[in-house]
Each structure stands twice: as structure tokens, then as C-alpha cells.
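K.L.:
I'd like to go over a predicted model; first the sequence, then the structure.
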Amino acid sequence: MSHLFSKRAKTSVLVFCFSILLFSLTSFPFSNDESFSKTCEKSEAYYLHSFKDVTYVKNWAGYKRYVAINNKLVVNTIKGVEDYAFLNLDDYVSNHLESIKIRTLKADGTIVELDSSLVFDQKSDNKKFGAIYYPIPSVEPGDTIETDYVYYENLRGYELMDYVDFNSALPSINSQYTIKTGQDLQVRYKTYNEFPTPRVVANDTMVYLQFSRDSIKSLVSNEYNCLPCEKPYFYYTLEKKESELRTWKDVYNEEFNFLTQPMALDYERSSYYKRWKRRVIGEAKDSSKYYKFNLLHKEVLKTISIEPLKDGQELIKSSGYFLKEERFDPLSIRRFYRQVLEDLDIKYWAVFGREKRLGPIDVNLIRKGEFAHIFFAIENEKGHLKFLYPHEEDYKYLIDEIPTSLYDTRAVLVKPVNDGEVKRKDRFINRDFKLAEADSILVEVINLPSMNADYNYVNQTVFTKVDLEEKKLDLRYRFKVSGGTSTDLRSFFEMLDNNEEAEEYYDALWEYEGDDNTIQIDSVLNRIQSDEKPFGFVFDAKGTLNNVVKFVNDSLVSVSLDKLIKHNQIEDASDKSTLSYYMDYSYSDLFMLNIEFPCKIEVLGMDDSNVRYNNKYSEYVFDVKAVNENQLKIISYYKILDNYIPNNDLNDIKILNEHCRNTKKRRLLVKLKQQD
């Protein structure tokens, strides 16, 4: 590892420049906020400072980014030692280090330095390091851990950007992020949610920006939180000095055309596309173009798989090649759908979307790397938009079905203004590898559709008869999902079908949690999948109900609900949480059980069993009643009414979940009345 810790001149110069600039712009921080100081003292640990200094340097292949990390962490408690007295590096950083120094500053003034050769010990120089999670020695409550290291990244010109926030599980008295580059590049940035403007130094040789915040509280987050929606952050790019701000025309011409414009190089297989299209359309050749498109889309769903490319040569293959192979990859399926839409003369828009919990799209500053979702919006015969989301390796989307993470989010629609028929050079990529270029475009900003709890639902219905002689309960079971729950559930199981590692993980998890055969399915009666919005899926089966009804004696049975009622409950917010919930969609989750006995029954203690709870954002209903003298009907209904729940109202969800948990603990006693 001698090469890792060599004192390279370039690295030394970079660190020296950082130090001079750092001290010229700010001093080491001490908080004057008395309440924040007390917060730091009460926490398991806190940062005296947390600095990240980034330098961009031009090289022959593109750019090199040096990242210098310097933190001082004060550890207050034994738990703080157990949780935070570790050197924690991912595998990329551990394999691209330029220098590293870790020291423990003892409370008595002594200094203990970590021997880095122990951390990075390996027998072969050719073997890469994995992630590093190494205990820092001699740390006790009251000590300070100083972490100082530099690593590098090799980047292309379009990768010179970043989204930055200072949020952490620990409070920080001062956090800083600095950017340094030469004069050949300009830095464009924008701050959000009241992030402070940076200090800027510029001269004939360099540009230097320092972003800084003081008194940053610790942050507890979960899967429903949207940090960019509420917390301060900033975004920046480095671009050539003469470059202009990106426009939506640039985005369409570069990003959308790159992903969707079909290839015209594979002459051997290109004719197969036309034959396939004629065969699928068949006798419907005189039907509307929208009907034809539906036929072609259904044929893809039924017969074509989505798989990774087998080799790089397939990047230039035509749609006919992939149709003959009966497989597409996520790039070629986009090119295929664009080719079909243009062949059928169906008007479409390019859609640029961003997941809800990554924060909203900034329409005015077009940020690089912002659009993880690029797809189509089709104008149908009535001029209404229908969304066409290209398939992924783990999931095939129906027409007008989109990922649930895009529900109720801002999206940008772009389409070129065309006069007359689209020219061939703008339809296909030829041997010159030039993309089509729209001269003028139309831009629309919309909110992508969502569905409410009446359409996003899970309904489970169990009908069972009690056999007193065999002490057995046969059942008829119906499982029905719709809307976002249908998309999520189907995508999850398709992922398991296609991902062996994930399937093994969940098999192990289910085995660890125990074999729960409460609803034991013996045979499936039917499966029905609707391809129309809201994409309802129905599953009917018959089998046996176990572990629910226990025969206390010949005239008394006990009905247990703990293994039967399993609602998709929202996670309770932590007491330390300061963030609101941003869910993909509101939803309802209904479970109904009907137990039929061969005799009259009396339910004991039923009067105080029912629950009715509701607030602005949710509802819970638990209802028990005797029906037709010999049937016990149980309904448990969990409902989330809004996809946004402010932090101030999250206690309502905690109460909702408590009602549901208490219900599951209940055990009903049913008295069997003897026949006259």
C-alpha cells in the first residue's frame, strides 16, 4: 500500500490551496446558539466541523475530481463510541484514495493515530478493497475523532455536477462544501429552501466557491420523507465558459432522441419488423391506428421479454433484430415504441419526470442528471393523453400505467413542431450517427395523474365453513388489488421471478419469520388482469384456514386475529422526526372474514369490540357482528386518505396504527348453541 500514501505533489498542492482559502474565508466554528450547544452536548456525538472540499482538474480523458474530507467528531457517550467510532468508506472510495489520516484526540490532550496499513492490509496488489468499516482505537466518551482523507474520481464533461445537502444523523456546528476549478470552466449553481448563498473567490487562475451552514440539527428520516422538499440544499454544474444555459429543446434533441430514435443500420433484420407488424395486426388492418397500436402493445406484453444487452454490437441493432430474438433491452424497447408510433402516425410527447421523494423538477433551471424517467405521452383519438412507459427488466407496464413514484409529480412534456411528414433522417439514426434535431418545440408543464384511495386498494375476502366433526375450516379466498397497489404488487413479484438473488433473500426472510400457513391455498380457481386503468387484478382460490379458530370445548370456540389481519400499515414517525410524509398514493386496505357455523352462535363480549376511528388523513374501522344466527362476520378496514401528511399531524397515524395493533391482539369467543 506504499503507493496509496505517497506524497504526490499534486495532492499536496491541492490540500495546501484548500487550507489557505479555508482560513481566508472562515475560522473554525464555535456555536453561539445556547440551545443548539445543549443539543450537541445531549447527543451521542456531534461534529465540531464537517468539511468537504472538491477540486476539478482537466486531464487527457476528461476531468479528475479530487475530494478532500475533513471532519472533527466529538463523542459524548458510550453508545456514541459504539455507533460512530469507525472509519466507514464504501468500496469506490477505498480503492481511489490518495491519502488518509485518522487521529483520536484524547480528552487529556494525548493523540492516538490509526495505523492505516492495518486497515488496508492485503496480500496481493491486484486485489481490490471492499467497503471499509474499521473500529478507530482508543476512543472514549469525551474524545474527538479527526478524519482527514483525499480520494479521486474520473469524470466525463457531462458528469461535472452534484446535488449537495448537509443533513446527517448527528448535529454539526459547522458544515462546508467547497468547489475549486480553473478559469476554463464556469460554475453554475442554485440554492433551494433558504440555503445560504456561497462565498466566491475568482481570479485569473481559479474559481472557488464555499457553501456553508451553521448549527445543523440531526436528522431522522424514513422511506416516506422528501429531504429536497423541505430541507436546504444546492445544485451545481461546471460547464465551459462559452456554454449557454440548457433549453428544453436541448433536452429533447440530446436526451430524448438519444434514448428513443431507432437505428437504420441493421439491414439484415430491418424487414422483419414490417412482417411482424403485419402479422400481429392481421385482419384489423382497416381498424383505427389506436386499435392497431393496442394490438402491437399486447403482443409485446405476451411474447417479448426484457433482458440486458448480450454484447455492445446490439446497441446498433434494429427493432426487427430484437423482435426476431423475442427480447428487448430497456433502450431498444424505447426505440421500438417510437418507431411504431411514427409508423402509425400517432401524435406523442416526450415526458421528463422525477421521482416524488427526490424533490420537484425545477422548470426554470434545467438540471443535468435530473430525469431518471423519460417516456411517451400519446394523444388518443379524443385528444386525451395516455402515457406509454417503456418496459423494464423486472416489469412490463400497461398503457397509461406509470411507476407509482411518479404519481402526482410535476413533469415536463415536449414535442417538436413539425410541418408535414417527418423526414427519414429525423426518424432513424443512419451511418453518420447524427441524432434528429427539432428546430422548434412546444413545452407543457403538468402534474402526472394519481388515483385516490377508492382506486388504490387491497381487498381480501375469506369465506369459510366450520366442520365440527373434522375440526377443519375449508375456505374460498378472493384477493383483489387495484391502482398503485396493483402496479407495486405485480412489479414486486415480477422482480422476484427475474432476480434470483432477491428471490433467495425473501425466501430466507419468510423462512426466518416462520411458515405462516394461516390461509393455505390448495388450488387456484382463476386469475383476472384488467389492462384498463386502474389495472385491477383478481385472484380466486380455495383452501384451508388454519390457526384462526381454536376449539376450546364442544360448545366454545376462540377466534384469533393476530395472524389473519395484516394491513399495509404506514410506519410510525420517530419522536425525533421533523419531516412530513410524501407517499406515492393514498390507499385502502380491506380484510373481510365470514365464518359459517353448522349451528346457531352467540358472540361473547362483542359489544365493546367494534372500532371507529377517523381523522383528516386516515380511517380505521373494525366491525364484528353475527349474521343469520350462524355466521360471524369480521371487517378490518385501514385507509390512508391523502398522499401527503404534514409532520405536525403524524401523531394521527400513530394513533391509527395503535388501533389496528390492538385489534390484532383480540381474541373473540363464540358460543355454539345446540340444535333443538
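P.N.:
Nice, I can see it.

K.L.:
CA atoms for contacts and neighbours, from now on please.
P.N.:
Fine.

K.L.:
From Asn648, how far off is Ala575?
P.N.:
One thing to correct before we go on: residue 575 is Asp, not Ala. 11 Å (Cα to Cα, to the nearest Å).

K.L.:
Pull up the overlap in contacts between the two.
P.N.:
Common contact partners of Asp575 and Asn648 (Cα atoms under 8 Å, 6 or more residues apart in numbering): none.

K.L.:
which other residues reach the helix or strand hosting Phe376?
P.N.:
For Phe376, the host element (DSSP states H and E) is strand 373-379. With contact meaning Cα under 8 Å, 6+ apart, strand 373-379 is reached by 256, 334, 346-354, 384-390.

K.L.:
and if we set it to 7 Å?
P.N.:
The contact list for strand 373-379 (Cα atoms under 7 Å, 6 or more residues apart in numbering) reads 347-354, 385-390.

K.L.:
per-residue confidence averaged over it?
P.N.:
When pLDDT is averaged along strand 373-379, the result is 95.

K.L.:
before we move on, what about stretch 548-567?
P.N.:
Here stretch 548-567 scores 87 as its mean pLDDT.

K.L.:
Tell me the gap between it and the middle of its chain.
P.N.:
39 Å (Cα atoms, centre = their mean, to the nearest Å).

K.L.:
outside of it, which residues touch it?
P.N.:
By Cα under 7 Å, 6+ apart, the surrounding residues in contact with stretch 548-567 are 518, 589, 591, 638, 664-672.

K.L.:
same check, this time on stretch 662-673
P.N.:
Stretch 662-673 is contacted by residues 555-562, 565, 599-604 when judged by Cα under 7 Å, 6+ apart.

K.L.:
do the same with stretch 107-119
P.N.:
102-105, 134, 136-137, 142-143.

K.L.:
Using neighbour counts, trim those residues to the buried set.
P.N.:
Taking 16 or more other Cα atoms under 10 Å as the criterion, what is buried in the contacts of stretch 107-119 is 102-105, 136-137, 142-143.

K.L.:
In TSV, list the residues you listed along with secondary structure, distance to Gly130 and pLDDT.
P.N.:
Formatted as TSV, the buried ones among the contacts of stretch 107-119 follow (DSSP: H, G, I helix; E, B strand; the rest coil; distance: Cα to Cα, whole Å; pLDDT from 0 to 100):
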residue	secondary structure	distance to Gly130	pLDDT
Ile102	strand	19	95
Arg103	strand	22	95
Thr104	strand	24	96
Leu105	strand	28	95
Ile136	coil	18	94
Pro137	coil	21	88
Gly142	coil	31	96
Asp143	coil	28	96
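
K.L.:
low-scoring stretches of the stretch 151-300 of the chain, by residue?
P.N.:
264-268 (pLDDT under 70).

K.L.:
Now find how far off-centre the strand holding Phe376 is within its chain.
P.N.:
On Cα atoms, centre = their mean, the centre of strand 373-379 falls 20 Å from that of its chain.

K.L.:
List the strands paired with whichever helix or strand comes after it, with their directions.
P.N.:
Later in the chain than strand 373-379, the nearest helix or strand by DSSP H and E is strand 385-388. Looking at strand 385-388 with DSSP bridges, its partner strands are strand 373-379 (antiparallel).

K.L.:
how about the strand it pairs with: buried residues?
P.N.:
Buried-residue list, strand 373-379, by 16+ other Cα under 10 Å: 373-379.

K.L.:
Around the nearest residue to Phe211 once chain neighbours are set aside, how many other residues sit close by?
P.N.:
In space, and not counting its chain neighbours, Phe211 is closest to Pro198: 4.6 Å by Cα to Cα, 6 or more residues apart in numbering. By other Cα atoms under 10 Å, the residues close to Pro198 number 18.

K.L.:
so where's the chain uncertain?
P.N.:
Along the chain, the parts satisfying pLDDT under 70 run over 1-32, 122-126, 264-268, 419-433, 435, 495-516, 606-607, 675-676.
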